[in-house]
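K.L.:
fold the following.
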Amino acid sequence: MKHLTLLAALFATVSISAQTSLTQAVDFTVTDLDGNDHTLFEYLDAGQYVCIDFFAYWCGPCMGTAPFFTENYHNYGCNAGAVTFLGVEYEGTDAQTHDFEEAYAGQNPPPVASGAEGGGGGAHSAYGIAAFPTFILIAPDGSIVEQDIWPMGDASVLDDALASYGLEHMACTLDMSEEEGFAFEAYPVPARDVINMKLPTGGANVEVLNLLGQFIFSATTTDDRMRVDVSSWPAGSYMLRATTQGKTVTQHLQVID
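P.N.:
Numbering: from 1, shown residues only. Alright, predicted model coming up:
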């Protein structure tokens, strides 16, 4: 279940079918963690679709879905294609939002603005966001064609929504060289009994989180191989995170019965 804000919790008995009631976009400008401004209507006027992840740095479900947003950002050209991805945090500082991104969003995430210092809080208010995370898609004419893309069980949910509007995958042009040499692979996916991992020489710290952001596995090894028994894990989606030598990579995992 999504994490509800206090206001929404007062009305918890009411089914929330869309997390923004707006059908037409309102403009906003936010400043991302690198100091770059992002004005919504400038993207729309340029003919872009805009996909927004409204989230909170302390939100468990947001931790689980953050890598799915990053994966689609990469698959659709890293903001060089027909859709622009933007993360908008609720109330955290730049530092808190940065720590969230480092821990959960994966390698080379899309631009993200904090709530307290980047203007994200105002955008949340303007769109009446009542639960986290809320993923919306805005068409170039300003219509909010997807008011809440949910449930986000894996990256394919957002991918399918984007593809339904004729948006197509394209190569990401970001420089990935800083992660070169980080050999990492987890297989098979989906997994039923075990997951095998190939790690960098010297090993890594390996963590697995469920979609609520809860740690269900954590281990540190100096070996370049690890085998994890997943036969007792509930079927569903997980995020695997491997960290070594100051570098972190993530991979989506699927466990089946």
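K.L.:
what about residue 230, how many residues nearby?
P.N.:
Using other Cβ atoms under 10 Å, residue 230 has 20 other residues around it. All C-beta spots, glycine's among them, are computed from the backbone N, C-alpha and C.
K.L.:
likewise the one 10 residues further on?
P.N.:
Residue 240: 21 surrounding residues under other Cβ under 10 Å.
K.L.:
wait, it sits on residue 254?
P.N.:
No - under the criterion of Cβ atoms under 8 Å, residue 240 makes no contact with residue 254, lying 10.8 Å away.
K.L.:
tally of neighbours for residue 45?
P.N.:
For residue 45, the count of nearby residues is 11 (other Cβ under 10 Å).
K.L.:
what residues are up against it?
P.N.:
Counting by Cβ atoms under 8 Å, 6 or more residues apart in numbering, residue 45 touches residue 140.
K.L.:
any idea which element residue 64 lies in?
P.N.:
Element membership for residue 64, per DSSP states H and E: helix 60-75.
K.L.:
just the buried residues of that helix, please?
P.N.:
Neighbour-count burial for helix 60-75, counted by 16 or more other Cβ atoms under 10 Å, picks out 60-75.
K.L.:
who are the packing partners of it?
P.N.:
strand 3-4, strand 49-55, strand 83-89, helix 94-100, helix 155-163, strand 236-244, strand 247-255 (3 or more Cβ pairs under 8 Å, 6 or more residues apart in numbering; DSSP states H and E).
K.L.:
which of those comes out lowest on mean pLDDT?
P.N.:
With a mean of 52, strand 3-4 has the lowest mean pLDDT of these.
K.L.:
now the strands for the stretch 101-250 of the chain?
P.N.:
Along the stretch 101-250 of the chain, the segments classed as strands by DSSP state E, counting those that start in this stretch run 112-113, 131-132, 134-138, 144-146, 185-187, 194-198, 204-209, 215-221, 225-229, 236-244, 247-255.
K.L.:
out of those, which one sits most buried?
P.N.:
Most buried of these, by mean neighbour count (mean count of other Cβ atoms under 10 Å): strand 112-113, with a mean of 26.
K.L.:
among the helices and strands packed on helix 60-75, which is nearest residue 122?
P.N.:
In terms of Cβ to Cβ, the element of these nearest to residue 122 is strand 83-89, at 9.5 Å.
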